[in-house]
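Trainee: Provide a 3D model corresponding to the input given below.
(one chain, ligands or ions: 2)
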Amino acid sequence: MAIGRMEEVPAVEGFIRLCTDGWEQGWHERNGGNLTYRMKKEDVDAARPFFDETPRPWVNMGVQADNLAGEYFITTGSGRFMRNVQLDAAANIGIVEINDKGDSWRIVWGLGNGARPTSEFPSHFMNHSVRKEVTGGANRVIYHCHPANIIALTFILPLDDKTFSRVLWQSMTECPVIFPEGVGVVPWMVPGGPEIAQATSRLMKKYQAAVWAHHGIFVSGPDFDTAFGLAHTIEKSAEIYVKILSTGRPILQTITDEDLLAIEPSFHITLNREFLN
Ligand code: 13P
Ligand code: ZN
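Mentor: Ligands and ions are numbered 1, 2, ... in the order given. Predicted structure coming up:
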């Protein structure tokens with residue numbers, strides 16, 4: 001059947017579904033969190049009939065990436081609420097085109113009533129650039145959310161990659177399989193600024209996910225399911241660890257480094273050796 005509306009374009013449909021899923025998890029109070037998707041050629045072809053007749057003016061981003069010149073992104077709007085995306089996509093999300101210098105965007109659809117791409121667009125953009133490069137073009141999704149348990153852990157654990165990676169690996173058996181390289185940790189920084197964009201993109205050369213202290217998580221993936229699943233896994237593992245601590249009881253046993261290594265052959269993974277003792 002022919003596609004009649006932008007919301008029926010499969011990439012847009014998947015984007016909207018993730019926004020709703022994240023809202024239902026409780027990770028998006030008010031306008032908290034944001035999502036971007038680097039569109040495939042077939043996504044752009046399917047969406048183009050619904051683009052505005054005249055694109056809006058170019059806006060310089062303050063960041064630049066050669067490998068994203070000419071790309072199209074679906075993005076949530078700054079100050080827009082994830083819970084409203086399913087009700088009115090055109091008012092709360094939009095599609096932007098990147099210019100041939102890779103330093104500016106212009107809106108070609110959506111982001112109605114004067115909305116702009118998320119304030120974290122520079123962070124998303126720089127991380128898309130890094131993840132596109134290190135995954136040979138496979139990565140397409142960057143997702144930022146505010147899940148309570150992983151945020152809570154940033155108040156009581158030292159803010160280093162090894163501590164967070166080990167706590168998450170050891171709190172739920174599937175974690176090392178899903179992120180064998182571990183996770184990165186960014187200290188508290190001003191949201192939406194160039195510093196958090198740069199600090200995160202340095203970490204995303206090595207990791208699929210970064211924890212933002214006292215703020216949330218930032219994850220990447222080849223598709224919506226994988227990126228959402230990564231955020232879900234990290235938050236669930238953090239929740240288990242918070243529950244363990246809340247009992248006030250000593251930890252009698254955990255997944256040992258030997259156990260972690262024993263997972264490797266069956267799942268064809270290699271754990272980050274820096275995080276094993
Ligand atoms: P935006 O509404 O601009 O996307 O900002 C929300 C947020 O979570 C900032 O980190
Ligand atoms: Zn945020």
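Trainee: And the strands in the stretch 51-200 of the chain, which stretches?
Mentor: Assigned by DSSP state E, counting those that start in this stretch, the stretch 51-200 of the chain shows strands spanning 59-60, 72-76, 93-98, 104-110, 141-145, 184-186.
Trainee: ok, now which ones touch residue 141?
Mentor: Residue 141 sits next to 18, 35-38, 220-224, 226-227 when contact means Cβ atoms under 8 Å, 6 or more residues apart in numbering. (Each C-beta comes from the backbone N, C-alpha and C, glycine too.)
Trainee: Restricted to strands, list the residues you listed.
Mentor: Those of those mapping onto strands are 35-38, 220-221, per DSSP state E.
Trainee: ok, residue 211 to ligand 1 distance?
Mentor: Counting by Cβ to the nearest ligand atom, to the nearest Å, the separation of residue 211 from ligand 1 is 13 Å.
Trainee: Likewise for residue 218?
Mentor: Separation of residue 218 from ligand 1 (Cβ to the nearest ligand atom): 9 Å.
Trainee: you'd agree that residue is in a helix?
Mentor: No. Counting by DSSP: H, G, I helix; E, B strand; the rest coil, residue 218 is not part of a helix but strand.
Trainee: wait, doesn't it sit right on residue 127?
Mentor: Yes. With contact defined as Cβ atoms under 8 Å, residue 218 counts as touching residue 127 (7.2 Å).
Trainee: In CSV: the strands of the stretch 51-200 of the chain, plus mean pLDDT.
Mentor: Formatted as CSV, the strands of the stretch 51-200 of the chain follow (pLDDT from 0 to 100):
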stretch, mean pLDDT
strand 59-60, 96
strand 72-76, 99
strand 93-98, 98
strand 104-110, 98
strand 141-145, 98
strand 184-186, 98
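Trainee: CSV please, covering those and showing distance to ligand 1.
Mentor: CSV is the format used below for the strands of the stretch 51-200 of the chain (distance: least, Cβ to the nearest ligand atom, whole Å):
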stretch, distance to ligand 1
strand 59-60, 14
strand 72-76, 6
strand 93-98, 11
strand 104-110, 14
strand 141-145, 6
strand 184-186, 12
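Trainee: Let me know how buried residue 2 is, in neighbour terms.
Mentor: By other Cβ atoms under 10 Å, 5 other residues sit near residue 2.
Trainee: Secondary structure element holding it?
Mentor: Under the criterion DSSP states H and E, no helix or strand holds residue 2.
Trainee: now it: how far from ligand 1?
Mentor: Counting by Cβ to the nearest ligand atom, the separation of residue 2 from ligand 1 is 33 Å.
Trainee: show me the contacts for the residue in the stretch 151-277 of the chain that ligand 1 sits nearest to.
Mentor: Residue of the stretch 151-277 of the chain nearest ligand 1, by Cβ to the nearest ligand atom: residue 191 (3.9 Å). Remark: with contacts taken as Cβ under 8 Å, 6+ apart, residue 191 is in contact with 119-120, 215.
Trainee: can you tell me the distance between the two ends of stretch 250-266?
Mentor: For stretch 250-266, the first-to-last residue distance is 31 Å (Cα to Cα, to the nearest Å).
Trainee: could you give me the average pLDDT of it?
Mentor: For stretch 250-266, mean pLDDT is 98.
Trainee: still on that earlier bit, give me the subset of the contacts of residue 191 lying in helices.
Mentor: Among the contacts of residue 191, none falls in helices (DSSP state H).
Trainee: Need those residues in a markdown table (columns: distance to residue 244, pLDDT and neighbour count).
Mentor: A markdown table is the format used below for the contacts of residue 191 (distance: Cβ to Cβ, whole Å; pLDDT from 0 to 100; neighbours: other Cβ atoms under 10 Å):
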| residue | distance to residue 244 | pLDDT | neighbour count |
| --- | --- | --- | --- |
| 119 | 35 | 96 | 15 |
| 120 | 31 | 95 | 25 |
| 215 | 23 | 98 | 18 |
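Trainee: so which of those are also by ligand 1?
Mentor: 119-120 (Cβ under 6 Å from any ligand atom).
Trainee: Nothing else from me, thank you.
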